[in-house]
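In: sequence and predicted model, in that order:
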Amino acid sequence: MDKVSQDRLTSNPQYHIGGSNYSGPVVADHGSTLHLGNITNFFNGEKSPPPCQPSAIELILRDESHFVDRPEILEWVRKKCSRPAGRAALVGLGGVGKSQLAIQYAHDIREGSPSTWVFWVTASTRAKFVEACRGIADRLSLPGRHDPKIDVLRLFRAWLNDEKNGQWVMVLDSACDVEIFHTPTVRFPNTDFAVTTEQSLSEFLPQCKHGSILVTCRNVDVAQRLTGASDNIYTVPTMDEDQALDLFKRKLGEDSCKDSAVHLDLAADLVRALDFMPLAITQAASYISLRKPRTSISSYLRKYRRSDRSKLSILNKEFGDLRRNNNLSNSVVTTWQITFEQINQERQSAANLLSFMSFFNPHGIPESVLHSYVEDIGEDGEDEYDDDLEVLRGYSLVTVMTEKADVFEMQALVQFCMQSWLSARQSKERWKQKFLDIMSKEFPTGEYETWANCQKLAPHIESITKEAPQDMADARKWARLLKNAGWYQYKIGDYKLAEKMLTDAMNVMERKGNLGKEVLETLVVMDHLGVVLEKQCRYDEAGKWNRRALEGREKELGEDDELTLLSLSNFAMTLEGDAKYDDAEKMNRRALEKREKICGKEGASTIESMNNLASTLRYQAKYMDALKLITRACTWRELNLGKEHPDTIDSLSNWASTLARQGKLDNAAKMYREALARSTKALGTAHPDTLLNMSHLALVLLKQGNISEAKRLSEGAAEGIAKSLGSSNPDTLTVITTLATVMQKLEEYKKAKDLYKSALSGFEDQLGPHHPHTLRTMTNLAVILRKQGEFDKAGAIYQKAIAGLKRCFGAQHPDVLACSNNLAVLLEKQGKLVDAEIVAVEALHGFEKTLPHGHPSTLNCMRTVARLLHAQKKYGKAEEVSQKIMDGSKMEYGPEHPKTLQSIGDLAYLLHSQNRYHDAWSLYETACAGYEKLGQNDKASQTCSKRFGSMLSEMKSRNLTAPSNGIIATTPACDDDTRFEGRKQEETFELRRGDQEPKAPGAADANMKAKRRSSYCLDESEGEKFRKRQKM
């Protein structure tokens, strides 16, 4: 339209609209009235150009090859915008992909409904909005659009309102400034008079049934004002990992990620590092593509992780993206820092809150700490807090994680960019100090009652615990924080991290200036360090810290102070671990006596000393004394602390260990199962104490004959504890020896040998060659060597182990006696039956003196003695011992237990060897029937069955019939070789038969009863001869 026509239009606005003279006025800024529609100029008879066909106007082209579909979001947009006058908003962080989704939706509409107009309006500023509307007016050829007196926005709005123009969809992109669409009102002081400074652009967004509007913005407040309701808002999250990886591959080029699985893993690592943020991923792909081949995915990751400065450098790089608004930065750092500036201008207190929150771990930010922050900043803080938080949530910088809305999360990249923004403003250190100050006050002591809070806070202190502050006041706060956090890490089983934290705290606390209360805090750290090192079996180092803490507290607080006695008790536990049992017992008794006087017999610390003393007594084989103490301690703790308190679980496990040492395996197994269940619930499956309980239970089950469950538990414990503590930790090595014992029982000797050798090497390195753990493992390895026929090596190890264990415990300790019994078995295998008998009988006498009647170790040693007597044809003594074994097994295990059945079978074989078929028959029958009832088909049951079968063959060859009414018909005895034929292959050791004739029926029972009360005594001269040979 030329200028003359425009003048006519404005000077004499008489137009026909849709066949009528007037359909409603539209007032332009200068006050003229326009009647719009299919406009005919009556002055010159010219008809205005008809509107063009529906099309997409100002729409950004899509790049299908790079677009990653997010169907659930697009489907939500379609539903919202398909309603009459539908409005919807995509809200989220800058760079999260809102505009790309809007572009895809607009193109989908254009393709699916060609008769629908699609308009793209950039709304980041007022000028951009007006500019976009003018461009659309040009494309629509709206009459009067070039007239400076005519308001193009009103012109465009009128066109949108006219249903005759058809369906339309408008995308309002980057509508982030609320003041653009809702112009603020300016009020004059002390009056009711107010004016608006500019027209509100929201007036030009009509609501009509044939049109819908999709908004993209970063601010929920703007979105809600433009869409009218919160349910019209979709907060766009970052991509999931698959979507992010797909985007990266598309942007980088598919071939770049097809080289190998390694490249795909690196790509996945990269998108995780970038928080699955589309803009950051696109930026990274562009950076790598432009610098090929010198830059690869791995080199980008290295640079990204090298330092904050390096990360900032690559995140600040701009790249070209034709689909992104030209006025928006392609750098994720710049994109978000613009938002930070905007928040700082709108509401500085909200920017301050964001500054504080940027130092947390991005996930699980507890509101309780935020309240501490606002309380710390002054009286107005709490009043401002809710509004500040809503501003941050409105910009999608902070989101709520829980239904209670008391835990928040942020994007790690947002936090990094926020800290970079703070650095640029020279205020990062100030906010870091504020964060340290609050966290040092908030982090609890680490005791069990505070674990829930510690668990919430522990991830958030990682960023500030890496390096000590230079300022001394801040350094002391830092050390206090590490003291508490380190103790918590110890309690939950992360001993390495606990050690590091406490060591770092100690280094700071030992700087000059620690006076008064700070000395006491330093002593707390010393004491904690000793405990943590003791738990890692580093007894020399632990003892040094224990001693320093004890001496320091004695000096500062006195010998009878509760904290001094705590250090004394901790020192005693270190001595126990170092196998200095007498010293440990003395210290524990001293601590117990003082605590009873100061705290009373029912005080918690008194009970702790009972528990600790019971542990030391157990190692010394003083089982009855230990049992009295541990029973009392565990009962008190269950009543006063609860069944799932770690201290209660420790006492329960201690009690189970004492029962196991006493040979009360059924009760021990029940207690270990309970301890394992409680520990799993209270401490978790990966805690070292849980895994040790699992291993202890496995060993008891193995002794009970439950090999399959023992194998499952020991394998699980070994795998888990190696992950928790490392392969060289002595607790790990202890669990490994249990697994080796299971493999030994399964006759997988090579596996068992390898495991024992590995554990032995570790114990020697960690604890030295003379520690009981080392010596016990030597004994176990010797058993394997003996089974593999390496008798000389096994014998040398046994001798060394016995000497070492005697030094630790004395000659009568069960570990010494067990090792002696193993030596006797080796001598037996070597054919040195007399020497073997002497060693075994001395061990048996020791067991009978130190262990309860019927103890498994005593019964096991009895079996060795009985076997040796049998081999030497000392049938009377062998029968006496065998009868004791059977009676003891029945009493200890019950009449149908596999060990009882084995003892019955062994006695049957002894009688069988003497041709006492009638007595042997009933015992064989009992044993075989018992094994069959149990469904047991192991070596012991097979041996018993074969021996029974061999006896039947002998009887048949002698024309003897089966017992009937207690009578066996006999024939003249044949020679020894004939009687023994068919049985030698089943023997586990070489036997030499005598010429003893069968006894009359019933005679065996009478002899057994007569001898039951007598004890087998070793010939003094034989014993003395053996000892002389050993010394030679």
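Out: Right, received. Where do you want to start?

In: could you pull up phi and psi at Thr216?
Out: phi -120, psi 130 (degrees, to the nearest 10).

In: so that it lines up with my notes, have the first residue be 8 from now on.
Out: Shifting the count to begin at 8 puts that one at Thr223.

In: for it, list the residues it contacts.
Out: Residues in contact with Thr223, defined by CB atoms under 8 Å, 6 or more residues apart in numbering, are Ala96, Leu97, Val98, Lys105, Ser106, Leu108, Ala109, Val178, Leu179, Asp180, Ser181, Ala182. In short, each C-beta sits where N, CA and C put it, glycine included.

In: so Tyr495 makes contact with Gly453?
Out: Yes. At 3.4 Å, Tyr495 counts as touching Gly453 under the criterion of CB atoms under 8 Å.

In: for the two, indicate the residue with more neighbours.
Out: Tyr495 (26 against 22; other CB atoms under 10 Å).

In: which SSE is immediately downstream of the helix or strand encompassing the more buried one?
Out: Tyr495 belongs to helix 479-498 when elements are defined using DSSP states H and E. Per DSSP H and E, the first helix or strand lying C-terminal to helix 479-498 is helix 502-516.

In: name the residues of that following helix that come out as buried.
Out: Tyr502, Leu504, Ala505, Glu506, Lys507, Met508, Leu509, Asp511, Ala512, Met513, Val515, Met516 (16 or more other CB atoms under 10 Å).

In: which residues sit in contact with the fourth one?
Out: Put plainly, it is Glu506. By CB under 8 Å, 6+ apart, Glu506 lies in contact with Gly493, Leu536, Val539, Leu540, Gln543.

In: how about the buried residues of helix 502-516 in CSV, adding distance to His217?
Out: Shown next, in CSV, are these (distance: CB to CB, whole Å):
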residue, distance to His217
Tyr502, 70
Leu504, 64
Ala505, 68
Glu506, 71
Lys507, 68
Met508, 66
Leu509, 71
Asp511, 68
Ala512, 70
Met513, 75
Val515, 71
Met516, 75
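
In: just give me the closest of those residues to Val707.
Out: Set against Val707, the nearest of the buried residues of helix 502-516 by CB to CB is Tyr502 (25.8 Å).

In: list the residues that contact that closest one.
Out: By CB under 8 Å, 6+ apart, the contact list for Tyr502 reads Gln496, Val539, Lys542, Gln543, Pro695, Leu732.

In: pLDDT wise, what is the first one at?
Out: The model reports Gln496 with a pLDDT of 97.

In: next up, the contacts around the residue nearest to it when sequence neighbours are not counted.
Out: Counting by CB to CB, 6 or more residues apart in numbering, Gln496 lies nearest to Ala505, which is 4.0 Å off, once chain neighbours are set aside. Residues near Ala505 by CB under 8 Å, 6+ apart: Gly493, Trp494, Tyr495, Gln496, Tyr497, His535, Val539.

In: now do 10 Å
Out: 453, 489, 492-499, 535-536, 538-540, 542-543 (CB atoms under 10 Å, 6 or more residues apart in numbering).

In: care to break the chain down by domain?
Out: With domains defined by the TED database, the chain comprises 78-242, 248-353, 754-774+785-965.

In: which stretches of the stretch 258-407 of the chain aren't confidently modelled?
Out: 261-269, 325-337, 386-388 (pLDDT under 70).

In: just the helices in it please.
Out: 268-280, 285-297, 304-313, 315-322, 339-353, 355-364, 374-384, 388-401 (DSSP state H, counting those that start in this stretch).

In: among these, which is nearest Thr687?
Out: Once the helices of the stretch 258-407 of the chain are compared by CB to CB, helix 374-384 is nearest, at 28.7 Å.

In: buried subset of the contacts of Tyr502 as a ChimeraX selection?
Out: In ChimeraX, this line selects whichever of the contacts of Tyr502 come out buried by 16+ other CB under 10 Å:
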select :496,539,542,543,695,732
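
In: confidence-wise, which helix or strand of the protein is lowest on average?
Out: Of all helical and strand segments in the chain, the minimum by mean pLDDT, DSSP states H and E falls on strand 40-41, at a mean of 28.

In: quick test: name the residue nearest the centre of this structure.
Out: Nearest residue to the geometric centre of the chain (CA atoms, centre = their mean): Ala693, 6.9 Å.

In: mutual contacts of Tyr495 and Gly453, please.
Out: Residues touching both Tyr495 and Gly453 (CB under 10 Å, 6+ apart): Cys461, Ala465, Ala505.

In: now do the strand or helix carrying Leu875: which elements does it pack against?
Out: Leu875 belongs to helix 863-878 when elements are defined using DSSP H and E. The contact analysis (3 or more CB pairs under 10 Å, 6 or more residues apart in numbering; DSSP states H and E) places helix 863-878 against helix 695-711, helix 821-836, helix 840-857, helix 882-900, helix 905-920.

In: thanks a lot, catch you later.
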